[in-house]
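Give me coordinates for this.
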Amino acid sequence: MYPTSSEGLNKETSDAVYFFTPAFHPFDSFSAHRVKIWELEFPTAEHAFQWKKFSVVRPDISALILEASNPEAAKQISIDYKQDMPEGWHKEKVAVMEEIFTAKAEQNLDVQEALKRSGNRQIIENSPVDSFWGIGPNGDGQNMVGKLWMKIRDKLFNN
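Predicted structure coming up:
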């Protein structure tokens, strides 16, 4: 289903935009992989993450997020209501994302296959803007998404 490499698949020239699903797209929280967790089913991991953020303090916002038409819209709702984010969220967000990614991997064979294809290589979210979840604009970010996927890979395949 996915190519074995993403090399050359996505690029721009002055005449054209070339695009195709990258080989490791299943690692993206925006990828179209349904996730069943907390007795609900979410269209994407991003929906689940943003939903969890408000599930206790603002169930009305969580409901909007769950019904969002796409992960970008789910994230935007969260941004719009960031003033209502629960106290202490930043201390628990990594554990929440790990729980979501673990469920995503356990429930989707193509995610497991992508983890296997990654071998023992580092997994790096090559975000040009996010220095916490990715490596950020300078390449020296925390790469929490990559670290979580490597941890999950080790749990699933190396124990």
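
Residue 74: neighbour count?
Residues lying near residue 74 (other C-beta atoms under 10 Å) number 25. All C-beta atoms are positioned from the backbone trio N, CA, C, and that covers glycine.

Just the element for it, please.
Under DSSP states H and E, the secondary-structure element containing residue 74 is helix 71-80.

by contact count, what packs against that helix?
Applying 3 or more C-beta pairs under 8 Å, 6 or more residues apart in numbering; DSSP states H and E, one finds that helix 71-80 contacts helix 45-54, helix 59-66.

a markdown table please, covering those and showing mean pLDDT.
Shown next, in a markdown table, are the helices and strands packed on helix 71-80 (pLDDT from 0 to 100):
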| stretch | mean pLDDT |
| --- | --- |
| helix 45-54 | 98 |
| helix 59-66 | 97 |
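
Tell me which of those helices sits nearest to residue 146.
helix 45-54 (14.5 Å; C-beta to C-beta).

Who are the packing partners of the worst-scoring helix or strand of the chain on mean pLDDT?
Between all helices and strands in the chain, the lowest mean by mean pLDDT, DSSP states H and E belongs to strand 17-18, at a mean of 78. Using 3+ C-beta pairs under 8 Å, 6+ apart as the contact test, no helix or strand touches strand 17-18.

what's the offset of it from the middle of its chain?
Chain-centre distance of strand 17-18: 24 Å, with C-alpha atoms, centre = their mean, to the nearest Å.

Could you identify the helix or strand that succeeds it?
Downstream of strand 17-18, the next assigned helix or strand under DSSP H and E is strand 35-37.

So what touches that following strand?
Here strand 35-37 makes contact (C-beta atoms under 8 Å, 6 or more residues apart in numbering) with 41-42, 44-45, 47-48, 99-100, 103-104, 107.

what do you get if the cut-off is 6 Å, keeping everything else the same?
Contacts with strand 35-37, where a contact means C-beta atoms under 6 Å, 6 or more residues apart in numbering, come from 42, 45, 48, 103-104.

next helix or strand past that strand?
As the chain continues past strand 35-37, the following element, by DSSP H and E, is strand 40-42.

same question for that following strand, mean pLDDT?
Across strand 40-42, pLDDT averages out at 98.

hmm, back to that, mind checking which of the helices and strands packed on helix 71-80 is nearest residue 135?
Comparing the helices and strands packed on helix 71-80 by their distance to residue 135 (C-beta to C-beta), the top pick is helix 45-54, with 18.8 Å.
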